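# need a 3D model of the following:
(2 chains)
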Amino acid sequence: MDELLQHVVNALMLGGTYALLGIGLTLIFGIMRVVNFTHGELYAFGGYMIFMCTALLGLNFYVALLVAVILGVALGAAIELLLLRPMRGADIDTTMLIMIGTWIVLQNTEQMIWGGVAKSIVPPLSTEPLVLGPVSVAWLRVFVFAAAAVLIVATYALINRTRLGKAMRATFQDRDTAALMGVNVHAINTATFALGSGLAAAAGALLGTVFVVTPTMGDLAALKAFAIVILGGLGSITGATAGGFILAFVEEMGAGYVSSGYRDAMGFLLIIVVLLFRPTGLFARAERIG
Amino acid sequence: MPWLGLVFLASVPLWLRDQYFLHVLITTGIFTIAAMSLNLLLGYTGQLSLGHVAFFGIGAYASALTSLGFEVDIFGLHVVHEPWPVVIGFLVGIAVAGLCGYAIGRLSFKVRGAYFVIVTISFAEVTRLVALNWVELTQGPMALNNIPPFTLGFGTSEYTVWGKVPNYYVVLAVGAAAYLVIRRLVRSRIGRAMIALRENEPLATSLGIDVTRFLVLAAVVSAAIAGAAGGLYAHFIRIIDPDIFLFIYTVTMVIMVITGGKGTLAGPLVGGLIFGMLPVVLREFASPVAQWIIYGSLMILIVFFLPRGIVPAVHDWWTHRRGAAAVPERTRVRVENAANTRT
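This next block holds a predicted model:
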C-alpha cells in the first residue's frame, strides 16, 4: 500500500511536466495543423538554456528558468517566421518534413556547441526530501510540480480569458471565418508556435534540472509528447493535460509492477491500444480547444 | 535505361579497387533498398510511415537469430533453436518483416495523417525497446555479434560470401530483384489503385477500390523488402544492436526518397546514391555532427525549392529542353485533327 502511494505521488510529480509538453504540442497541431517534430528540441533547448544561465553565466536559478522560457518563446517564433510562414498552404506532410529537417539541425547544433556529455544543473533547494507519512518526495520535484501547475493554469487562462485566446479558439474552429472576422491568423500562428515552444522549453528546463541535460533528451520527450497528445485527442488541451497524467501513471505503474526496462515502452503500447479502440483519442468527443 | 544502369553498377568492382569505397557502396546499396521499399508506401500510396526502420531491424534480427540459433523461455515454454543456413535465415527475416507489416498495416491504416505518422513511430519505438530489453533473445545492449556472413546454397554446395566484392554483387542482386518487384507492382492494376488512393481517397473508394486491402498489401510488400535490406545489413556488418531501430535511420530513408523524388521508380536510387555517398565527400572537412547539420539543412532546402524531388525536376527540364509542347502527344494529335476537320 505504501509502495502504491509512493508510485502515485511520483506519477503526479512527473505528470505535471508531461502535461506541459503535451499542451504545447496539441496547441500547435490544433491551430496550425503542423506535426511539430522540433518540439523535443525546444525541450532540450530549455534544458541547455537553464544550464548555460546557471552554470556559465552564474544567474539565479529562478531567473534562469524564466530566461530559458523566454528564449524558448523567441526560438519558437523564429522557427515559425522563417520556416513555416513561407510554407503556408502546403500539405501536412511537407511541413512535417521541414520540421524533421529543423529537428536534425537543432539537435546536432546543440551537440556541436555543448558536446555529448550530459550536463547537470544544481538547484538551490534542500536535498533533504519532504517526508509525508509513508511517502517521501524531493523538494525539487515539489517545486517542478508547482511550476508546471502554475504554467498549465496560466495557459488555460490565456486561452479562455484573453482576447488573444479568443482569437486562437476562433482560428482553431474555422480559420477562414476567423480571418474574415478580422483575426490576423498569421500573427495567431506565430503566437501559437511561440507559446507551444515556450511550454516545451519550460518542461525541458524543469525536467533537465531533475535529470540531466543531453543533446538527445528531446527525442524521447517528443515521442512522449506525441503519445500524450494522441491519448487526449489532437487539439484538446484538457485531453493533453489528462493524457500527461495518464502517461505518467502508466509509466510509473509499469516500471513499478511490470518491468522498469519497459518503462518508456508503456506509453507507446498505450497509444496503440487506444487507437485500436478509440482512434480519435480518449477526449476528442468535442473537437475544440479550451 | 534501367538495364544500362544495372550493367554499369555490375561493372563497378571491376575497375574500383578501393576497399573503403566498396564498403560505402554496399551500405549505400542496402539503405537504398530500404528507401525503395519506403517509397512504395510514401510515394505510391501517399502514407508517410515514419516507423519504417522497424521492418529493417526486424528483418536484421530475425535473419541473424535464425542463423545464429537461440534459446529462450516464452511463457514457461522452453524454446531452443539450432542454427540454420544463412540463406534460410534471410528468407525468414523477409517473412517475419512481411508479417509484421501485415499486422501493423491492419492496425494503423484505421487512421490517417498525423495519427498514422505517430502510430508508426510508436511501433518502431516499441520494437527498439523490446530489442533492448529482451536480453535473453537479443542480447540487448550487448549486441548480437559473430553473425555469420551471407551464404548461398545448402549443405555440401554451400558458398560463403566473404569479402567486399561478392557482398557487393549479393546486394546488387537483391536490389535489382526489389526494383523489379516494385516496378511490376506499381505498373499493374494494383499500383494504379494505390495511386488512385493517394490522389483522392473518397473518389477511389466510390469507384470500388478496397482501400484497406491495397494499403495493407503495399505495407506487406514494403515491409518484406525492408526486411530483406535488414537481413543483408546484419550479415554484412555482422553485428547488430538495438540502435538499429533508431528514428534517425527512418529519417535517412525519408530524406533519400524525397530528395530523389517520391512516387518515381528512379527517385530512391538517386536519393540513395547522393545521401549514401555524401559522407565520403563530407568526411574530408566535416565532423559527423556537422554532416548531420548539412543533411538537415539540405532536407529543408529541397522541400522548399524542389518539393517534388530531383528526378521529376530533371524530367521536366529535359522535356522542356527538347521543346516538347506542354500538351501531351495524344491530346495534341486530337487537337490538330479537330482543327483539320473544321477547315
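# what does the stretch 151-300 of chain B have sitting close to chain A?
B:247-248, B:251, B:254, B:258, B:287, B:289-290, B:292-293, B:295-300 (Cβ under 8 Å from any Cβ of the partner chain). Every residue, glycine included, has its C-beta placed from N, CA and C.
# now a PyMOL select for only the buried ones of those residues.
Typed into PyMOL, the next command selects the buried ones out of those (criterion: 16 or more other Cβ atoms under 10 Å in any protein chain shown):
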select buried, chain B and resi 247+251+254+258+289+292+293+295+296+298+299+300
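# now for the residues of the stretch 151-300 of chain B next to chain A: which two are most distant?
Within these, two members stand farthest from each other by Cβ to Cβ: B:258 and B:287, at 25.0 Å.
# coming back round to it: narrow the residues of the stretch 151-300 of chain B next to chain A to those in strands?
Among those, no member falls in strands (DSSP state E).
# and of the residues of the stretch 151-300 of chain B next to chain A, the nearest to residue A:230?
Nearest to residue A:230 among those, with distances taken as Cβ to Cβ, is residue B:247, at 16.5 Å.
# what sits against the closest one?
Listed by Cβ atoms under 8 Å, 6 or more residues apart in numbering or on different chains, the contact partners of residue B:247 are A:219, B:50, B:53, B:121, B:124-125.
# quick one: which of the residues you listed is nearest residue B:280?
When the contacts of residue B:247 are compared against residue B:280 (criterion: Cβ to Cβ), the nearest one is residue B:53, at 22.6 Å.
# so the closest one makes contact with residue B:243?
No - between residue B:53 and residue B:243 there is no contact under Cβ atoms under 8 Å: 10.3 Å.
# in strands, which of the contacts of residue B:247 appear?
Per DSSP E, strands hold no members of these.
# would you write a ChimeraX line that selects the buried entries of the residues you listed?
Remark: buried members of the contacts of residue B:247, expressed as a ChimeraX selection using 16+ other Cβ under 10 Å:
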select /A:219 /B:50,53,121,124,125
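# tabulate the contacts of residue B:247 in a markdown table, adding columns for distance to residue A:133.
Below are those laid out as a markdown table (distance: Cβ to Cβ, whole Å):
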| residue | distance to residue A:133 |
| --- | --- |
| A:219 | 38 |
| B:50 | 46 |
| B:53 | 47 |
| B:121 | 41 |
| B:124 | 42 |
| B:125 | 37 |
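# so which of the contacts of residue B:247 sit within helices?
A:219, B:53, B:121, B:124-125 (DSSP state H).
# farthest pair within those?
A:219 and B:53 (13.4 Å).
# which parts of the longest helix along chain A are buried?
Ranked by residue count and defined by DSSP H, the top helix of chain A is helix A:2-32. Neighbour-count burial for helix A:2-32, counted by 16+ other Cβ under 10 Å, picks out A:6-7, A:9-32.
# what subset of those is also close to chain B?
residue A:29.
# the stretch 51-200 of chain B: helices as residue ranges?
If DSSP state H, counting those that start in this stretch is used as the criterion, the helices of the stretch 51-200 of chain B fall at B:53-68, B:86-108, B:113-133, B:135-138, B:164-186, B:189-199.
# let me have the ones you listed in a markdown table, extended by distance to residue B:11 and mean pLDDT.
A markdown table is the format used below for these (distance: least, Cβ to Cβ, whole Å; pLDDT from 0 to 100):
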| stretch | distance to residue B:11 | mean pLDDT |
| --- | --- | --- |
| helix B:53-68 | 28 | 92 |
| helix B:86-108 | 26 | 89 |
| helix B:113-133 | 37 | 83 |
| helix B:135-138 | 39 | 81 |
| helix B:164-186 | 11 | 90 |
| helix B:189-199 | 31 | 86 |
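# what's the most buried one of those helices?
Of all those, helix B:53-68 carries the top mean neighbour count, a mean of 28, counting by mean count of other Cβ atoms under 10 Å in any protein chain shown.
# and that one, what other elements does it pack with?
Other helices and strands packing on helix B:53-68, by 3 or more Cβ pairs under 8 Å, 6 or more residues apart in numbering or on different chains; DSSP states H and E, are helix B:19-39, helix B:86-108, helix B:113-133, helix B:135-138, helix B:211-237, helix B:247-260.
# wait, isn't residue B:282 in contact with residue B:294?
Yes - if you go by Cβ under 8 Å, residue B:282 and residue B:294 touch, sitting 6.5 Å apart.
# start and end of stretch A:133-142, how far apart?
16 Å (Cα to Cα, to the nearest Å).
# in it, what counts as buried?
A:135, A:137-138, A:140-141.
# report the lowest-confidence entry in the residues you listed.
Lowest in pLDDT among the buried residues of stretch A:133-142 is residue A:135, which has 80.
# ok, that one - contacts?
Going by Cβ under 8 Å, 6+ apart, residue A:135 touches A:2, A:5-6, A:9.
# and it, how far from residue A:2?
Using Cβ to Cβ, to the nearest Å, residue A:135 is found at 7 Å from residue A:2.
# swap in residue B:104?
41 Å.
# could you do residue A:126 as well?
Plainly put, residue A:126 is 23 Å away from residue A:2 if you go by Cβ to Cβ.
# now swap in residue B:254 and tell me
48 Å.
# residue A:188 now?
49 Å.
# ok, now residue B:58?
42 Å.
# mind checking the SS state of residue B:48?
When classified by DSSP: H, G, I helix; E, B strand; the rest coil, residue B:48 comes out as coil.
# tell me the contacts of it?
Contact analysis of residue B:48 by Cβ under 8 Å, 6+ apart lists A:93, A:96, B:42, B:116-117, B:254.
# what about 7 Å?
For residue B:48, the contact set (Cβ atoms under 7 Å, 6 or more residues apart in numbering or on different chains) comprises A:93, A:96, B:42, B:117.
# what of residue B:57?
B:127, B:131, B:230, B:244-245.
# between the residues you listed, which is nearest chain A?
Checking those against chain A by Cβ to the nearest Cβ gives residue B:127 as the nearest, at 9.5 Å.
# measure the spatially closest residue to that closest one that is not a sequence neighbour to residue B:84 for me?
Spatial nearest neighbour of residue B:127, excluding adjacent residues (Cβ to Cβ, 6 or more residues apart in numbering or on different chains): residue B:54 at 4.5 Å. Going from residue B:54 to residue B:84 by Cβ to Cβ gives 23 Å.
# got it, and residue B:98?
Distance from residue B:98 to residue B:84, counting by Cβ to Cβ: 18 Å.
# and residue B:200, by the same measure?
Counting by Cβ to Cβ - residue B:200 and residue B:84 are separated by 46 Å.
# with residue B:168 instead?
For residue B:168, the distance to residue B:84 (Cβ to Cβ) stands at 25 Å.
# next, the closest residue to residue A:47 other than its chain neighbours: secondary structure please.
Spatial nearest neighbour of residue A:47, excluding adjacent residues (Cβ to Cβ, 6+ apart): residue A:208 at 2.9 Å. Secondary structure for residue A:208, judged by three-state DSSP, is helix.
# and the stretch 1-150 of chain B, which residues reach chain A?
B:48, B:107, B:110-111, B:113-115, B:117-119, B:121-122, B:125-126, B:129, B:133 (Cβ under 7 Å from any Cβ of the partner chain).
# and the two most separated of those?
B:113 and B:133 (31.1 Å).
# about what we covered before: and the contacts of residue A:135, which is closest to chain B?
Closest to chain B, out of all of the contacts of residue A:135 and judged by Cβ to the nearest Cβ, is residue A:6, at 23.6 Å.
# many thanks, we can stop here.
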